[in-house]
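>>> Just the structure for this:
(one chain, ligands or ions: 1)
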Amino acid sequence: MPSALALNPPWQHGETSRRSFWLAQAIATDPPAIAALQGHHRADVCIVGGGFTGLWTALELVSRAPGTSVRLLEADVCGAGASGANAGYLMNLWPKLQALQKIAPSEEAAAIAAASAAAVDEVLAFARAHEVECRPGPWLWAATNAAQAGAWEETAAAIRAAGHEVLRPVSAAEIKATTGAEIEFGGVVDDGCAALQPAALCRALAAAAIAAGVEICEHSPVTRIEAGARTTVHAAGGSVAAENVVLAINAWAAQLPGLGRKMVMVASDTAVTEPIPETLAEMGWQGATTISDSRRRLNYFRTTADGRLLFGKGGVEVGYGARGADRLWAEAPDMAGIGRALKHSFPHLAAPPVAHSWRAPVEYSVSSLPFCAQVQDLPSTWFVTGYSGDGVGPSKLMARILAAHLLGEPDEFERSALTRVPEGALPPEPLRWLGSRLVLPALTAAERREDEGARAPWAMRRLADLDPTDFVG
Ligand SMILES: Cc1cc2nc3c(=O)[nH]c(=O)nc-3n(C[C@H](O)[C@H](O)[C@H](O)COP(=O)(O)OP(=O)(O)OC[C@H]3O[C@@H](n4cnc5c(N)ncnc54)[C@H](O)[C@@H]3O)c2cc1C
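Numbers count the residues shown, from 1 in each chain. Model (predicted):
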């Protein structure tokens, strides 16, 4: 039985050019000053990864069981991963109810979705208490062409059948009045959401964790984990011997044994404009509505508190195996693609000046849902991953489940479907990556035809149907 695990830490750690607008903004007002690991230490729990999952888990542990010694090691700075690079949509898992129902009985699926909505309220409360930019507002799930019309109907019906009313229909006129977007095929909104500054949230979580007694070490890439009477976590500069280890390494978890075919890395491109508050006011976009459309390669739009417009597109590139976690970080190379998406929904908006753009990988799991479990053959070492583009709120729920488990406390979801590696497997590499090279251009072409109001030709549609991320619910 192997008793050690080698880990490839993010290879670009410390390279500031790949940082998102959010992280650059958060660091400009609050420069990181957390030292790297030096020497050998002991802890009850050692957490690897300083994103939402690692930091919420650390805070849960010390607030539930004061006196628990927790040390968190981050390869770069807290927020350098997806937690500082996402679109900042704070949402619950109700829109993923059908995906939940595929892995759990109906009652459990609804209970998880309801708990994720409660997690959203907890994140909002933390953001308010720590003065993190976070504006409650509806999430609009829209149809930006005829092919997407009614894409939400089955989900809305499943939610109603579970006894909840979450998605409220909105007309094209209402969308236009509240955001200026010209989305003639309408949509539905979930009023229980928010738009936040994700890197600011991450940095505030790190500060709160330090204040609560958590030892955080930045610039401390972990390269090896060794089982023993205690588990030893080896990082540049030193090591930590711990009773339990949590790998909160998100996209980098694809390198763990047994997970390579459970996850695929898919890049999103995001751009943020210079402040344009007058333009947004003219358009009527004063609130914090966040917008996603229903195409496979999602278009998304939101605003910031200082009057910027954020726009982006998912599914722009598929990463090769576990390496996608590193190779997909860059300045967004395809500004024309996301510019087209913006023009399609905001045809009267003159191209706004872009301040910053970035490409980052989203880790999609075969279930399109997060999961945590013990690392294969490595006792006392746990991982959490698989958020599939919805981790800002759900990471709070996963942290709660994991902390309860580590402290031996009962939790409603300790044996839930979120604590099992999902069934099913993606095609092996290099097939998956090669397939994506064929399918992505077909998807792009099919999308363009649909945006023009035409139906994509049969061969193009069949090729697009081979999408290696099509399992994503
Ligand atoms: C472009 C994009 C847009 C998104 N938009 C949204 C959204 O709007 N709403 C939403 O809910 N979700 C969104 N997500 C998903 C969400 O950002 C993630 O699910 C969430 O941030 C995951 O948090 P995490 O802490 O698990 O991972 P991360 O934030 O990725 O943290 C993992 C950390 O582990 C560190 N690490 C990795 N390996 C090692 C090692 N060996 N040693 C030390 N440290 C290591 C990394 O440096 C990183 O900081 C988006 C994701 C992306 C990429």
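>>> buried sites along stretch 197-210?
By neighbour count, with 16 or more other C-beta atoms under 10 Å as the criterion, the buried positions of stretch 197-210 are 197-209. From N, CA and C alone the C-beta is placed, and that goes for glycine too.
>>> next SSE after the longest helix belonging to the chain?
Secondary structure of the chain read by DSSP state H shows that its longest helix is helix 106-129. Counting by DSSP states H and E, the element after helix 106-129 in chain order, helix or strand, is strand 134-136.
>>> for stretch 128-137, the distance to its chain's centre please.
Between the mean C-alpha location of stretch 128-137 and the chain-wide mean there is a distance of 18 Å, by C-alpha atoms, centre = their mean, to the nearest Å.
>>> nope, stretch 298-318 is what I was after
On the basis of C-alpha atoms, centre = their mean, stretch 298-318 sits 13 Å off its chain's mean C-alpha point.
>>> can you start the count at 7 instead of 1 from here on
With the count now opening at 7, the last piece we talked about shows up as stretch 304-324.
>>> List the buried residues in that stretch.
Of the residues in stretch 304-324, those scored as buried under the neighbour-count criterion (16+ other C-beta under 10 Å) are 304-310, 313-324.
>>> Run the contact check for that stretch versus the ligand.
No: for stretch 304-324, no contact with the ligand is found by C-beta under 6 Å from any ligand atom; the gap never falls below 7.0 Å.
>>> Now do Glu180: how many residues are near it, please.
When neighbours are counted by other C-beta atoms under 10 Å, Glu180 registers 14.
>>> which stretch of helix or strand covers it?
Using DSSP H and E, Glu180 maps to helix 178-185.
>>> Who are the packing partners of that helix?
Using 3 or more C-beta pairs under 8 Å, 6 or more residues apart in numbering; DSSP states H and E as the contact criterion, the neighbours of helix 178-185 among helices and strands are strand 145-148.
>>> one step back: among the buried residues of stretch 203-216, name the ones in strands.
When strands are assigned by DSSP state E, not one member of these lies inside them.
>>> okay, the residue in the stretch 357-479 of the chain positioned nearest to the ligand: pLDDT?
For the stretch 357-479 of the chain, the residue closest to the ligand is Gly397, as judged by C-beta to the nearest ligand atom, at 1.9 Å. On the pLDDT scale, Gly397 is placed at 98.
>>> Got phi/psi on it?
Listed backbone geometry of Gly397 is phi -120, psi -10, with angles given as degrees, to the nearest 10.
>>> what sits against it?
The contact partners of Gly397, taken as C-beta atoms under 8 Å, 6 or more residues apart in numbering, are Phe58, Thr59, Ala88, Ser89, Asn92, Asn256, Pro376.
>>> For stretch 152-170, which residues meet the burial criterion?
Taking 16+ other C-beta under 10 Å as the basis for neighbour counts, the residues of stretch 152-170 that come out buried are Ala153, Gln154, Ala157, Trp158, Thr161, Ala162, Ala164, Ile165, Ala168.
>>> which stretches of this structure have low pLDDT?
Where the chain drops to pLDDT under 70, the residues are 7-8, 18-23, 465-479.
>>> The same query, at a cut-off of 90, please.
Applying pLDDT under 90 to the chain flags residues 7-9, 15-25, 35-40, 242, 302-303, 328-333, 336-347, 357, 437-438, 441-479.
>>> For the ligand, see how far away the nearest residue to Ala149 once chain neighbours are set aside is.
Across the structure, with C-beta to C-beta, 6 or more residues apart in numbering as the measure, the residue nearest Ala149 apart from its sequence neighbours is Phe191 (3.6 Å). In this view, Phe191 and the ligand are 22 Å apart by C-beta to the nearest ligand atom, to the nearest Å.
>>> Correct me if wrong: Phe191 contacts Ser177.
No: distance between Phe191 and Ser177: 10.2 Å, which falls outside the contact criterion (C-beta atoms under 8 Å).
>>> what about these two, which has more around it?
Relative neighbour count places Phe191 above the other of Phe191 and Ser177, with 18 against 12, counting by other C-beta under 10 Å.
>>> coming back round to it: among the buried residues of stretch 203-216, which are in helices?
Secondary-structure check on the buried residues of stretch 203-216 using DSSP H: residues within helices are Pro204, Ala205, Ala206, Leu207, Cys208, Arg209, Ala210, Leu211, Ala212, Ala213, Ala214, Ala215.
>>> And the last one, how close does it get to Gly414?
Plainly put, Ala215 is 22 Å away from Gly414 if you go by C-beta to C-beta, to the nearest Å.
>>> again with the second one
Applying C-beta to C-beta, the value for Ala205 to Gly414 is 34 Å.
>>> try the fourth one
The span separating Leu207 from Gly414 equals 29 Å under the rule C-beta to C-beta.
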